[in-house]
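Engineer: okay, here's the prediction I keep looking at, along with the sequence it came from:
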Amino acid sequence: MAYIERAITPILKKRVQESKCTLITGARQVGKSTLVRNEFKDYNRVNFDDRLTRLQAKEEPKLFFLNNPCPLFIDEVQKENSILEEVKMIVDESDKRGMFIMSGSQKLELMKGMSESLAGRVSVNELSGLSLREIHGVKYNRHFVPTNDYLESREKEIRPYDNLWEIIHKGSYPELYDVERDWQEYYSSYVSTYLERDINELISADSITFTKFLTAVAARTGELLNYANVAGEVGVSEPTIKKWISILERTGIVFLLQPYSASALSRAIKTPKLYFRDTGLACYLTRWLTADALKCSAVAGNMFETFMVSEILKSYINEGKDYKFSIFYYRGKDKGSFGENEIDLIIEEDGILYPIEIKMSGNPKANMGATNPVLDKIKEKSRGMGVILCLIDKKTYLRENLVALPIEYV
C-alpha cells in the first residue's frame, strides 16, 4: 500500500518536538494512524478501539503505561478519557518533549477532556482528507487568501487538475487512492462502520433512521441549514435533528459555515450553511454513482461549491491554521434591492475582507461579484480583492478589484 505524504507533516513534526503532548483530530479514515505510523516510527502504539486495551488503561493505568512506555501514540483516545489524568501526571514529572501523540475522531469530547486535564500541555492539530494539492503532489502549503503575494507565489507551482469530477465523485479518503477499492463497497462499509463505532455511542437511533438522516443532510450540502425541513423528511423532532447534526459536526462529517456578523449588515441572514466535508460520501449517500452522472446533474453546482469550500478549509488545516474565525458567508438584503444577495465565502485576514464567489462556470462575468460592495458598509474593515473561483483556464481580471481564478489557485 503506497503512503501519500501529508502536507501537514513538517508542521506536525515541529509541534511534536516542541510539546509534551500532541493531539490529532479528524474524521474516521482521514489517515491519522497512517500518518503517525509512517512519520513517527519510533513511537509505541495502542488503539482504544480495542476494549481490552481500554479496560486495562482505565482499571490499571500505572500498569498500562509500564507496558506501553513513552514515546507513545494512543489512537482514538476519546474512548477512555480517564487516562488523561495519568498522562498529565507523567508529563508533569518530566521535561521531555514529544512524549505522547494522541488521536481521535470526536473533537469536542476530546477538547473537553484535554481542557480539563491537559490545559497548556497539548498541541492540537486537525487532519482532513486528501487535498487536491496532496493528490497531485503539489508541495505548496500556504492557506488560500487572494492577496497579491499569495497569487504570485501560488502560480509558480500551478499544476492542471484534469480529472476534477472524478476526484469530486471519488472523495478524499486516502484508502481510495492507496489501493484499488470498489467505490460503493468502500462507502457502504464506511457508513456502517461509522454507525456501529461512533454514532451509536453518542445517540440512540436505529441504523435505518440514521442513514435516512445522513441522506437527507447530504442532499442539502451547500444550502442554508433548515432543521425543521430535515426533521420533517426524516420523521423525528427538530431538537433531535439539531443534536444529530451537532454530532456530525463534532465527528468531522459536516462543516457549518457561519454567516458574517457585523452591526452594519443589519439585514443579513443568521442561519449557517451546511457542507459535507467529503463529497465522495455525499455522492454515495445521495446515490450519484458515477462522475459523469454527477457532473451533468442538478446538484453539480452545490457539489462543486462543497468541494471547493472543503479545499479552502484544507489549505488552512494543512498549514496548521485555525479557520473558524476566518471564513464566513453572507446572504441578506443590505444592498438595497428587493431580493436577497449572497457572497459564497468571506475570508477575513488582517482586517481585510476578501469576497469569494464559487461558480461552476468556464465563462465568469463581472456581475458575479455584484454583491461585494455590501462589505464597504463595515467601516472598521476594508474590502480586498474579490475572486470568482471557477472553471476558467487562466487568471483573468474582470475588474481592477475582481479576478477570476482557476481552481488550481486554491
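Structural biologist: Cool, the structure landed.

Engineer: from here on, just use CA atoms for contacts and neighbour counts.
Structural biologist: Fine.

Engineer: can you count the residues close to the residue lying closest to residue 122 once chain neighbours are set aside?
Structural biologist: Closest residue in space to residue 122, ignoring its immediate chain neighbours: residue 21 at 4.6 Å, by CA to CA, 6 or more residues apart in numbering. For residue 21, the neighbour count with other CA atoms under 10 Å is 26.

Engineer: what do you get for residue 66?
Structural biologist: Residue 66: 9 neighbours (other CA under 10 Å).

Engineer: assign a three-state SS to it, would you?
Structural biologist: The assignment at residue 66 comes out as helix when based on DSSP: H, G, I helix; E, B strand; the rest coil.

Engineer: follow-up on the earlier one: the residue nearest to residue 122 reaches residue 95, doesn't it?
Structural biologist: No - checked against CA atoms under 8 Å, the pair residue 21 and residue 95 is beyond contact range at 11.7 Å.

Engineer: one step back: any idea how far the residue nearest to residue 122 is from residue 13?
Structural biologist: 12 Å (CA to CA, to the nearest Å).

Engineer: do the same with residue 290
Structural biologist: 38 Å.

Engineer: who touches the residue nearest to residue 122 in this structure?
Structural biologist: 91, 97, 98, 99, 100, 101, 102, 121, 122, 123 (CA atoms under 8 Å, 6 or more residues apart in numbering).

Engineer: bridged to the fifth one, which residues?
Structural biologist: So the one you mean is residue 100. Under DSSP bridges, the beta-bridge partners of residue 100 are residue 21, residue 72.

Engineer: equivalent analysis for the last one, please.
Structural biologist: Under DSSP bridges, the beta-bridge partners of residue 123 are residue 22.

Engineer: tell me the pLDDT at it?
Structural biologist: Looking at residue 123, its pLDDT reads 91.

Engineer: wait, isn't it in contact with residue 19?
Structural biologist: Yes - the criterion here is CA under 8 Å, and residue 123 meets it with residue 19 at 6.4 Å.

Engineer: confidence score at residue 118?
Structural biologist: So, for residue 118, pLDDT stands at 71.

Engineer: what's the answer for residue 401, then?
Structural biologist: Predicted confidence (pLDDT) for residue 401: 95.

Engineer: how far away is it from residue 148?
Structural biologist: For residue 401, the distance to residue 148 - CA to CA - is 11 Å.

Engineer: how about stretch 256-272: buried residues?
Structural biologist: 256, 257, 258, 259, 260, 265, 268, 269, 272 (16 or more other CA atoms under 10 Å).

Engineer: out of those, which two sit at the greatest distance?
Structural biologist: Within the buried residues of stretch 256-272, two members stand farthest from each other by CA to CA: 256 and 265, at 20.2 Å.

Engineer: model confidence at residue 207, what's the number?
Structural biologist: 75.

Engineer: and if you look at residue 355?
Structural biologist: pLDDT, residue 355: 98.

Engineer: residue 91 and residue 41, how far apart?
Structural biologist: According to CA to CA, residue 91 and residue 41 sit 21 Å apart.
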